[in-house]
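Undergrad: here is the input, now give the coordinates:
(one chain, ligands or ions: 1)
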Amino acid sequence: MSTATTLTPTALAARVDNAVKVYGSGDTAVRALDGVSVGFRAGRFTAIMGPSGSGKSTLMHCAAGLDTLTEGAAYIGDTDLGSLDDRRLTLLRRDRVGFVFQAFNLVPTLNVAENITLPIDLAGERPDREWLDALIDVVGLRDRLHHRPAELSGGQQQRVAVARAFAGRPDVVFADEPTGNLDSRSGGEVLRLLGDAARQASRTVVMVTHDPVAAAHADEVVFLADGRLVDRMERPTADRVLDRMKAFDGTTSTSGGEPS
Ligand SMILES: Nc1ncnc2c1ncn2[C@@H]1O[C@H](COP(=O)(O)OP(=O)(O)OP(=O)(O)O)[C@@H](O)[C@H]1O
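TA: Residues are numbered from 1 along each chain as shown. As a prediction, the model looks like this:
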């Protein structure tokens, strides 16, 4: 049987195979990814964790088509990103991928409603009003639609960014430290939104974080160390994630490392 081309419930929304990323060359070369193979299941919320410099952001950027791999392959659904020219890659990112960054990256001159629909407007598409309406309710922004970003709290701004990321019904939303600029209460709300969007609307979310509490909102955590995938954890709790992270201190060995 040939590989199915449509997504099934257990399909992978994004994956990398044998991903190698080398920055620079010669003596100063850094092997940020050293043969990582990992899949992100459709309809799930996955967190990427690991010590500083372990390659989390590099993995996310390469999986999302924001950067290219030195070796190996990255796929969104069945599309091999390495097979796309710049124009097609730009279109794929616009049509099939959503992004949430630590710095909210809203357009200051546009109001909330305009920020949310910006990717759809830029694509020249017609908004799906029903979907947008539901999204605005999910992120709790209905009474702020005509405000500009500067009139919102940080948590509200990030909720706008989450709504914008999901507005075009992307296959996968990548989030890079989305709660890094938020207090724990606002951060918790944003994480719940990401989880709800993944589970209720069958969207896939992949989040880079260094925070075990944030990772505990995910369905699964994948752990990187020194550019390699070293572990996966289903149904994480903050304590279990913290214990796993402690095992990285001093050694990145995965055999018999006992948390203190
Ligand atoms: N543009 C670049 N040029 C050279 N080296 C880079 C570049 N970007 C990242 N690196 C290096 O690649 C390695 C992985 O970096 P990356 O940012 O992916 O790690 P990270 O796990 O996201 O770290 P952090 O948690 O500190 O953000 C690090 O050694 C980093 O110094």
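Undergrad: just checking, what's the longest helix in this protein?
TA: In the chain, assigned by DSSP state H, the helix with the most residues is helix 184-200.
Undergrad: buried residues, that helix. List them.
TA: 186-191, 193-198 (16 or more other CB atoms under 10 Å). (C-beta placed from N, C-alpha, C; glycine too.)
Undergrad: run the chain-centre distance for it.
TA: Relative to its parent chain, helix 184-200 has a centroid offset of 13 Å by CA atoms, centre = their mean, to the nearest Å.
Undergrad: swap in stretch 167-182?
TA: With CA atoms, centre = their mean, you get 5 Å for stretch 167-182.
Undergrad: start the count at 60 instead of 1 going forward.
TA: OK, 60 is where the count begins now, so the last one is stretch 226-241.
Undergrad: and it, end to end?
TA: 22 Å (CA to CA, to the nearest Å).
Undergrad: surely Val95 forms part of a strand?
TA: Yes. Assessed with DSSP: H, G, I helix; E, B strand; the rest coil, Val95 lies in a strand.
Undergrad: so what's the residue count around it?
TA: Using other CB atoms under 10 Å, the number of residues around Val95 comes to 24.
Undergrad: I figured it was touching Ala78, is that so?
TA: Yes. Val95 lies in contact with Ala78 (CB atoms under 8 Å); the separation is 4.5 Å.
Undergrad: which residues do the two both contact?
TA: Counting by CB atoms under 8 Å, 6 or more residues apart in numbering, the residues touching both Val95 and Ala78 are 118, 131.
Undergrad: ranges for the strands of this protein?
TA: 71-82, 89-100, 104-108, 130-135, 138-139, 156-160, 231-235, 263-267, 279-284, 287-293 (DSSP state E).
Undergrad: got TSV for the ones you listed, with mean pLDDT and distance to Met304 too?
TA: Below are the strands of the chain laid out as TSV (pLDDT from 0 to 100; distance: least, CB to CB, whole Å):
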stretch	mean pLDDT	distance to Met304
strand 71-82	96	22
strand 89-100	96	18
strand 104-108	96	7
strand 130-135	97	26
strand 138-139	96	33
strand 156-160	93	23
strand 231-235	96	18
strand 263-267	96	14
strand 279-284	96	8
strand 287-293	96	10
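Undergrad: what would those look like in JSON lines with distance to the ligand?
TA: Output for those, formatted as JSON lines (distance: least, CB to the nearest ligand atom, whole Å):
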{"stretch": "strand 71-82", "distance to the ligand": "3"}
{"stretch": "strand 89-100", "distance to the ligand": "3"}
{"stretch": "strand 104-108", "distance to the ligand": "8"}
{"stretch": "strand 130-135", "distance to the ligand": "14"}
{"stretch": "strand 138-139", "distance to the ligand": "22"}
{"stretch": "strand 156-160", "distance to the ligand": "12"}
{"stretch": "strand 231-235", "distance to the ligand": "8"}
{"stretch": "strand 263-267", "distance to the ligand": "6"}
{"stretch": "strand 279-284", "distance to the ligand": "7"}
{"stretch": "strand 287-293", "distance to the ligand": "12"}
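Undergrad: is it possible to get a markdown table of those that adds distance to Ser212?
TA: Listed next are the strands of the chain as a markdown table, based on distance: least, CB to CB, whole Å:
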| stretch | distance to Ser212 |
| --- | --- |
| strand 71-82 | 31 |
| strand 89-100 | 30 |
| strand 104-108 | 24 |
| strand 130-135 | 33 |
| strand 138-139 | 37 |
| strand 156-160 | 16 |
| strand 231-235 | 19 |
| strand 263-267 | 21 |
| strand 279-284 | 28 |
| strand 287-293 | 32 |
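Undergrad: kind regards, and thank you for your time.
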